[in-house]
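S.K.: pasting the sequence and the predicted coordinates here, then a few questions.
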Amino acid sequence: MLNSPILYKAALIRRIRTFLDSKNFIEIMTPVMRRYAGDDSRPRLSLHNGSWLRESSAFALRFNIQFHDSIYEIGPSFRPDVVDNTHLPEFIMLDLYKKDSTLDEMLQLAKLIIEMFYKGTISVFSFAEHLNQQFSIDFYKDPKASSKLINCLRKIYCDTVSPPLTLVDRYIVENIEPLSQRCCMIVTDFPLLTEIRAKKRTETTGVVERFEILIDGIEIVHGYTDEDNVELFESQARELNMFGDEDSVICSMIKDNKLSSSSSGFAIGIERLCQVAQGEKQISIYSPSRPFSPF
């Protein structure tokens with residue numbers, strides 16, 4: 001029966017829930033409909049009543065670490081993506097947060113989940129080292145590294161208008177993700193501008209505590225340590241026009257001592273994990289009840 005993609009996905013979700021429950025995590029369900037539209041880097045699908053469909057549960061989930069130190073949610077998310085081999089407008093996401101945890105702790109937990117379903121080799125790749133080798137840009141020591149990288153990418157792509165994050169994302173898709181073909185690759189040492197909400201690594205000028213896990217050229221896991229300096233995060237995010245309404249809610253709660261500033265977490269795309277675990281080319285086979293979906 002598990003040869004059915006739908007049943008395989010159901011069994012995978014059940015196994016992940018059982019594993020996290022055994023680690024003293026509690027699942028907390030958060031609103032799918034949201035009050036805010038998101039920000040420029042995370043657009044949301046709108047509803048006719050003026051509310052919005054979440055693109056992840058992350059912000060609302062983080063709100064709940066005031067009630068329990070280790071929490072997660074497995075539920076639907078929505079993004080204005082065009083359907084292709086690895087993208088769906090509606091998909092299932094595991095989001096997870098733990099209070100006072102380290103990036104390495106989150107990485108090891110994510111690896112344990114991946115290794116339940118993927119049996120191939122796992123390597124580690126430093127994004128910052130790669131950029132130093134390719135462009136002689138040092139994100140560990142050079143405070144101007146971000147602007148140097150963007151200027152370099154604008155020349156490569158002949159693009160003077162796209163936002164910096166769009167340029168870096170393009171570089172990752174075209175040059176980093178293909179390195180994980182036929183293997184699993186953990187990418188570490190991301191530049192700050194790739195995740196403005198992540199904490200900067202100590203003794204570096206522009207490397208953040210973030211990781212991704214790629215398998216067969218597909219991003220499966222995205223994790224980071226939250227920036228615990230609220231004022232620093234807010235100023236950086238506003239400078240890049242990436243400070244959204246939900247960021248404001250979280251920052252206000254931290255300033256009012258209603259929420260811990262120290263947390264780490266990660267997200268896993270469930271259909272993508274199914275896809276690479278079963279070696280499937282099309283992610284759409286993991287969408288249940290497709291005649292009832294508008295997508």
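M.R.: Structure's in. What do you need?
S.K.: make it CA atoms for all contacts and neighbour counts henceforth
M.R.: Noted.
S.K.: for the stretch 101-250 of the chain, what spans make up the strands?
M.R.: 122-126, 184-188, 190-191, 207-208, 210-215, 218-225 (DSSP state E, counting those that start in this stretch).
S.K.: deepest of these, which one?
M.R.: strand 207-208 (a mean of 28; mean count of other Cα atoms under 10 Å).
S.K.: and that one, average pLDDT?
M.R.: Averaged over strand 207-208, pLDDT sits at 96.
S.K.: and if you look at stretch 64-75?
M.R.: 96.
S.K.: contact partners of it?
M.R.: 13, 24-30, 57, 61, 92-99, 258-260 (Cα atoms under 8 Å, 6 or more residues apart in numbering).
S.K.: rewinding a little: can I get the strands of the stretch 101-250 of the chain in TSV with distance to Ser46?
M.R.: Shown next, in TSV, are the strands of the stretch 101-250 of the chain (distance: least, Cα to Cα, whole Å):
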stretch	distance to Ser46
strand 122-126	37
strand 184-188	33
strand 190-191	31
strand 207-208	32
strand 210-215	29
strand 218-225	25
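S.K.: of all those, which one is nearest Arg34?
M.R.: strand 218-225 (22.1 Å; Cα to Cα).
S.K.: who does that closest one pair up with?
M.R.: strand 210-215 (antiparallel), strand 263-269 (antiparallel) (DSSP bridges).
S.K.: lowest average confidence, helix or strand, in this protein?
M.R.: strand 38-39 (a mean of 71; mean pLDDT, DSSP states H and E).
S.K.: need phi/psi at Glu203.
M.R.: When read as degrees, to the nearest 10, the backbone of Glu203 gives phi 70, psi 20.
S.K.: please name the residues that touch it.
M.R.: Counted by Cα under 8 Å, 6+ apart, Glu203 has contacts Tyr140.
S.K.: roughly how far does Ile220 sit from Ile270?
M.R.: Going from Ile220 to Ile270 by Cα to Cα, to the nearest Å gives 8 Å.
S.K.: for Glu203, give its distance to Arg42.
M.R.: 30 Å.
S.K.: contact partners for Leu96?
M.R.: Leu96 touches 58, 61, 70-73, 265-267, counting by Cα under 8 Å, 6+ apart.
S.K.: ok, the nearest residue to Gly223 once chain neighbours are set aside to Lys148 distance?
M.R.: Leaving aside its sequence neighbours, Gly223 sits nearest to Phe266 (Cα to Cα, 6 or more residues apart in numbering; 3.8 Å). Distance from Phe266 to Lys148, counting by Cα to Cα: 29 Å.
S.K.: okay, these two: which has more neighbours?
M.R.: Legend: neighbour count by other Cα atoms under 10 Å for Phe266 and Lys148, higher for Phe266 (24 against 17).
S.K.: confidence score at the more buried one?
M.R.: 97.
S.K.: now do the same contact list for it.
M.R.: 95-97, 106, 110, 221-224.
S.K.: if you set the cut-off to 10 Å instead, what comes out?
M.R.: Applying Cα atoms under 10 Å, 6 or more residues apart in numbering to Phe266 gives the contacts 58, 72, 94-98, 103, 106-107, 109-110, 210-212, 221-225.
S.K.: with Cys183 instead?
M.R.: Contacts of Cys183 by Cα under 10 Å, 6+ apart are 118-123, 214-217.
S.K.: over to Pro178?
M.R.: So Pro178 contacts 172, 214-218 (Cα under 10 Å, 6+ apart).
S.K.: distance of it relative to Phe127?
M.R.: In terms of Cα to Cα, Pro178 sits 13 Å off from Phe127.
S.K.: find residues that contact each of those two.
M.R.: Common neighbours of Pro178 and Phe127 (Cα under 10 Å, 6+ apart) are Ile172.
S.K.: grab the most central residue of the chain for me.
M.R.: His222 (3.5 Å; Cα atoms, centre = their mean).
S.K.: nearest residue to it in space, please, no chain neighbours.
M.R.: Glu212 (4.6 Å).
S.K.: can you name the residues bridging to that neighbour?
M.R.: Val187, His222.
S.K.: so who does it touch?
M.R.: Here Glu212 is in contact with 107, 110, 125, 185-190, 219-224, 266-268 (Cα under 10 Å, 6+ apart).
S.K.: 6 Å instead, please
M.R.: 186-187, 221-222 (Cα atoms under 6 Å, 6 or more residues apart in numbering).
S.K.: now the helices: where do they sit in the stretch 51-200 of the chain?
M.R.: 58-62, 103-117, 127-135, 145-157, 164-171 (DSSP state H, counting those that start in this stretch).
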